[in-house]
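A.B. asks: Next one to model:
(2 chains)
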Number of protein chains: 2
Amino acid sequence: MPELTAPAAQDVAPATEGLTVALLGGGTVGSQVARILTEDAAVLHDRVGAPLTLGGIAVRTLDAERDWQADPARYTRDAEALVDGADIVVELMGGIEPARSLILRALEAGTAVVTGNKALLAAHGAELYEAASRSGAQLSFEASVAGAIPILRPLRDSLSGDTVHRVMGIANGTTNFILDRMDAEGASFEEALAEAQRLGYAEADPTADVGGLDAAAKAAILATLAFGSAYTLDQVSVEGITGITAEDNAAAADAGYVVKLLAIAERGTAEDGTQGAVLRVHPTLIPREHPLASVRGAFNAVFVEAENAGELMFYGPGAGGAPTASAVMGDVVAIAQRIVRGGPARLRTPVAALPALDPAEARTSSLVVLRVADQPGVLRRVAAVFEQHAVSIETLRQVRDDDAEIPGASLRLITHRARQRDLDAVVADLTALDAVHEVASVLRVEGN
Amino acid sequence: MPELTAPAAQDVAPATEGLTVALLGGGTVGSQVARILTEDAAVLHDRVGAPLTLGGIAVRTLDAERDWQADPARYTRDAEALVDGADIVVELMGGIEPARSLILRALEAGTAVVTGNKALLAAHGAELYEAASRSGAQLSFEASVAGAIPILRPLRDSLSGDTVHRVMGIANGTTNFILDRMDAEGASFEEALAEAQRLGYAEADPTADVGGLDAAAKAAILATLAFGSAYTLDQVSVEGITGITAEDNAAAADAGYVVKLLAIAERGTAEDGTQGAVLRVHPTLIPREHPLASVRGAFNAVFVEAENAGELMFYGPGAGGAPTASAVMGDVVAIAQRIVRGGPARLRTPVAALPALDPAEARTSSLVVLRVADQPGVLRRVAAVFEQHAVSIETLRQVRDDDAEIPGASLRLITHRARQRDLDAVVADLTALDAVHEVASVLRVEGN
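C.D. replies: A predicted model of the protein is given here:
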């Protein structure tokens, strides 16, 4: 067995006693982590070089009917005592408190923490990263984004000799399932949501998913991984999928696109020249032949554009007890190996901080669908509005609307990349134009 | 700047002088690594905590017309002196010698090595891993498989708390391009190969690619990463794509499949109960809706099936100077960070060795196409052959061959998973059957 060298800041049990893992939360993921720690104990001992022992499971209420086979005596409501006796704390309670206080307690004592708590990281990430940095304790959070998909180490380590320009994630399985149904069956949003709820892919209250907030928390975490600075939820512009209509889908399909809810983190330059990161979540048109377009149902995927590596995609289950537990255990084993072999914590790569930019600085391409009067000069006046705000048009298609209530035509335009605030100004001016009956649809396009 | 703590076994330059990188080979990838080390020196210094200096480029012949801008004085033919003065050796010469001797020289001196040399690893991997293990020097080889796709760290670290059952890779861009053309255009193998050669996706002598040897080297490396034991090329069963006909493609398409050349490494159990790894490369039918089926053109992808994580896929460019250099630099930066921060080398996770099994022990499903006489009792006699070798039939479809030279019918059968040697026996017996004019096609199926 390798010699156990304890880093200075850390109070590590001797190798013969092994390392104690404290589990905070015994729900869907927590119970799977407990199962793996128990069932795979021999393999884990082999890989780590010392036994991993489940110190206990802190739960808010003791439930006598718990169905996994562990000793019920291991459940406790005294989470603080459990944290104080642990070598590695695994936080899977969710929510802000008491998760935040317990993680800070562990980090301040120099104890390594693994968490899958995306809401907490998106709200208080900076505070947690700083606490970890101060004490030299490790903080790992692979499970907080895209379930089992290994994305933390690829972004942090594999691409450490490269420059990541943009990360685009299908990071919410509920919305991807709904959009997939709308695309495949021509279903309305309401019909697709009802199907998702019937099949268990959507909660009774689907607000956080369909409103884009869950994806926004993941956008903040992906940006933190990609750019090495701490970002928070309030720096992400959020638009959900509740406004997507069957007509949007038809317009997208007609132009060769599919609608996906993407969490996007990208490098950008503000109009004043500031370099920074732009974070946004919105329904996005993706060309049908793009790798993200083939991500079906409740699966997740993260697409990365890097200077030298080019385009990479990571695909897998975005949720579920066992897949998420696999990501948690990858973090636990990496930390345990480091404790056993010695060496400092693998903290975030120190890089120049990249500030979050105002999301209006984002530069995107858009599909704009207009209902216009069928009369001479309309096209010229529409084009003048785009020109006035320096938004250039890549393609334009005119379709007669013979069945529409108001006789006229539809204009479908796809712009080149332009600043979001200029596009917003174009839409405002088009709405005010007499010859434009309606701005029927404005959808951003990526992956062209 | 972080304090530079040198591990005992390693002769590290002081932080102020930085770390010296020796580059062996100045070809497509090597020149890109030199470019990144030069152009991105400031960012790399930041990430590592010390400057990375290009010590020199060892080449076999000095070429005055080299087109990158570095000081020509940096080129040398004395590779041994370059290795002896380096903190990190990057080997991108390809081939067995002198690459093998130079890598061993570095490892024996305790110097870390990064290599992208798949042929060397597949032939002499065990010798190199042992040399690294003896001296405690790090040996990294992310770039040796699937170009820029980060697969080493996901398999080694992210899934270290999980059990990988099977890895299936589209690991050769040339064959994927050819198969893609055959599928999309109904082209013959010869037509598609000619197109690939015209577009620069295939060499003038395409043998190593289309014969499957390049994919087989990658299968051995993927297995080493997934299962933690050293595997070599001679343990991989290899079948290339030269025998794939337009008719095979039509039969595949008709049954809802697409043909891909896969490098497969999986856990298996031999008939005598031995647990081990089965390594194979062959044209494989994949359901059209499977994520691997959407990997087009010269792209690569690695599909992983793990106990808890479920199904994961990693997608990206499989070759090219800059993408492969990105993977090399990821390894270089990780090693440099470790040297600067202190701590032992990140060697292979010690796990119980998993022996390579005879590839005839592989259990696969197969599509078998037979030309049979159109007479009573044929189906019964064919079925009896399958039954005799305990290969069970999942689906069967009979098609009349009205245009065939010999009047008759085609039988298209898909079997359940069966041992390769039993399937081979079925095919031998079917060939001997009077009522069977021809065994027109036998193609293995995965991903069902």
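A.B. asks: from here on, contacts and neighbour counts on C-alpha atoms
C.D. replies: Will do.
A.B. asks: what ranges do the helices span in the stretch 301-448 of chain A?
C.D. replies: Applying DSSP state H, counting those that start in this stretch to the stretch 301-448 of chain A gives helices spanning A:321-341, A:378-388, A:420-432.
A.B. asks: helix or strand for the spatially closest residue to A:Arg296 that is not a sequence neighbour, which one?
C.D. replies: Nearest residue to A:Arg296, sequence neighbours excluded (CA to CA, 6 or more residues apart in numbering or on different chains): A:Asp180, at 6.4 Å. Counting by DSSP states H and E, the element that carries A:Asp180 is helix A:173-185.
A.B. asks: re earlier: in CSV: the helices of the stretch 301-448 of chain A, plus mean neighbour count and mean pLDDT.
C.D. replies: As requested, the helices of the stretch 301-448 of chain A are arranged in CSV below (neighbours: other CA atoms under 10 Å in any protein chain shown; pLDDT from 0 to 100):
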stretch, mean neighbour count, mean pLDDT
helix A:321-341, 25, 90
helix A:378-388, 15, 93
helix A:420-432, 17, 94
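A.B. asks: Stretch A:275-284 and chain B in contact?
C.D. replies: No. Stretch A:275-284 is not in contact with chain B by CA under 8 Å from any CA of the partner chain; minimum separation 15.1 Å.
A.B. asks: Look up how far chain B lies from A:Asp209.
C.D. replies: The gap separating A:Asp209 from chain B is 22 Å, by CA to the nearest CA, to the nearest Å.
A.B. asks: which residues touch that residue?
C.D. replies: A:172, A:174-175, A:202, A:215, A:240 (CA atoms under 8 Å, 6 or more residues apart in numbering or on different chains).
A.B. asks: Please pick the buried ones from those.
C.D. replies: Restricting the contacts of A:Asp209 to buried positions leaves A:172, A:174-175, A:202, A:215, A:240, with burial counted as 16 or more other CA atoms under 10 Å in any protein chain shown.
A.B. asks: Closest one of the residues you listed to chain B?
C.D. replies: Within those, proximity to chain B (CA to the nearest CA) peaks at A:Asn172, which comes in at 16.2 Å.
A.B. asks: what's the spacing between that closest one and A:Asn249?
C.D. replies: Distance, A:Asn172 to A:Asn249, using CA to CA, to the nearest Å: 19 Å.
A.B. asks: rewinding a little: make JSON lines out of the contacts of A:Asp209 and add distance to B:Val426.
C.D. replies: Shown next, in JSON lines, are the contacts of A:Asp209 (distance: CA to CA, whole Å):
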{"residue": "A:Asn172", "distance to B:Val426": "47"}
{"residue": "A:Thr174", "distance to B:Val426": "46"}
{"residue": "A:Thr175", "distance to B:Val426": "48"}
{"residue": "A:Ala202", "distance to B:Val426": "48"}
{"residue": "A:Ala215", "distance to B:Val426": "52"}
{"residue": "A:Gly240", "distance to B:Val426": "56"}
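A.B. asks: Turn those into TSV, including pLDDT and distance to A:Val340.
C.D. replies: Converted to TSV, those look like this (pLDDT from 0 to 100; distance: CA to CA, whole Å):
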residue	pLDDT	distance to A:Val340
A:Asn172	93	36
A:Thr174	93	40
A:Thr175	95	42
A:Ala202	87	42
A:Ala215	95	36
A:Gly240	95	45
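A.B. asks: Which single one of those is nearest to A:Gly268?
C.D. replies: Among the contacts of A:Asp209, A:Ala215 lies closest to A:Gly268 (CA to CA), at 20.2 Å.
A.B. asks: got the contact list for that closest one?
C.D. replies: Contacts of A:Ala215 (CA under 8 Å, 6+ apart): A:171-172, A:209, A:262-263, A:281.
A.B. asks: List the residues that contact the closest residue in space to A:Gln398 that isn't next to it in sequence.
C.D. replies: Using CA to CA, 6+ apart and skipping the chain neighbours, the partner closest in space to A:Gln398 is A:Leu411 (4.6 Å). Each residue near A:Leu411 by CA under 8 Å, 6+ apart is listed here: A:368-372, A:396-399.
A.B. asks: Following the record's annotation, map out the domains of chain A.
C.D. replies: A:19-148+A:321-341, A:152-315, A:362-445 (automatic domain parsing).
A.B. asks: So which of the contacts of A:Ala215 belong to helices?
C.D. replies: A:Asp209 (DSSP state H).
A.B. asks: What ranges in chain A fall below the confidence cut-off?
C.D. replies: Within chain A, the stretches with pLDDT under 70 are A:1-17, A:61-73, A:343-352, A:402-406.
A.B. asks: so is A:Asp214 in a helix, a strand, or just coil?
C.D. replies: helix (DSSP: H, G, I helix; E, B strand; the rest coil).
A.B. asks: And it, how far from chain B?
C.D. replies: 21 Å.
A.B. asks: List the residues that contact that residue.
C.D. replies: So A:Asp214 contacts A:119, A:172, A:208 (CA under 8 Å, 6+ apart).
A.B. asks: how about a cut-off of 10 Å?
C.D. replies: A:118-119, A:122, A:145, A:171-172, A:207-208, A:233, A:238, A:240, A:263, A:281 (CA atoms under 10 Å, 6 or more residues apart in numbering or on different chains).
A.B. asks: try A:Gly276
C.D. replies: A:227, A:266-270, A:353-358, A:361.
A.B. asks: Report the beta-bridge partners for it.
C.D. replies: Applying DSSP bridges to A:Gly276 gives these bridge partners: A:Gly268.
A.B. asks: any idea how far A:Gln388 lies from chain B?
C.D. replies: 39 Å.
A.B. asks: Ok, A:Ala58 next?
C.D. replies: 22 Å.
A.B. asks: Just list the residues touching whatever residue of the stretch 1-150 of chain A ends up closest to chain B, thanks.
C.D. replies: Among the residues of the stretch 1-150 of chain A, A:Ala148 lies nearest to chain B; the distance is 5.3 Å by CA to the nearest CA. Neighbour list for A:Ala148: A:142, A:300, A:315-328, A:330, B:158-159, B:308-312 [criterion: CA under 10 Å, 6+ apart].
A.B. asks: residues contacting A:Leu37?
C.D. replies: So A:Leu37 contacts A:21, A:31, A:43-45, A:51-54, A:329, B:161 (CA under 10 Å, 6+ apart).
A.B. asks: would you list the contacts of A:Gly276 in TSV and tack on distance to B:Ala106?
C.D. replies: Converted to TSV, those look like this (distance: CA to CA, whole Å):
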residue	distance to B:Ala106
A:Phe227	34
A:Glu266	40
A:Arg267	39
A:Gly268	42
A:Thr269	44
A:Ala270	47
A:Ala353	37
A:Leu354	38
A:Pro355	42
A:Ala356	44
A:Leu357	46
A:Asp358	50
A:Glu361	50
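A.B. asks: which one of the residues you listed has the most neighbours?
C.D. replies: A:Phe227 (28 neighbours; other CA atoms under 10 Å in any protein chain shown).
A.B. asks: That one against A:Thr163, yeah?
C.D. replies: Yes. In this structure A:Phe227 lies within contact range of A:Thr163 using CA atoms under 10 Å: 8.9 Å.
A.B. asks: Show me whatever sits in contact with both of the two.
C.D. replies: A:155, A:267.
A.B. asks: before we move on, which element is the nearest residue to A:Thr232 once chain neighbours are set aside in?
C.D. replies: Take A:Thr232 and drop its neighbours on the chain: the residue closest to it by CA to CA, 6+ apart is A:Ala122, 4.8 Å away. A:Ala122 is part of helix A:118-135 when elements are defined by DSSP H and E.
A.B. asks: With A:Ala202 instead?
C.D. replies: Here A:Ala202 is assigned to no helix or strand, by DSSP H and E.
A.B. asks: Let me see the backbone angles for it.
C.D. replies: Dihedral pair for A:Ala202: phi -130, psi 150, per degrees, to the nearest 10.
A.B. asks: wait, isn't it in contact with A:Gly173?
C.D. replies: Yes. Applying CA under 10 Å as the test, A:Ala202 and A:Gly173 come out as touching, 8.8 Å apart.
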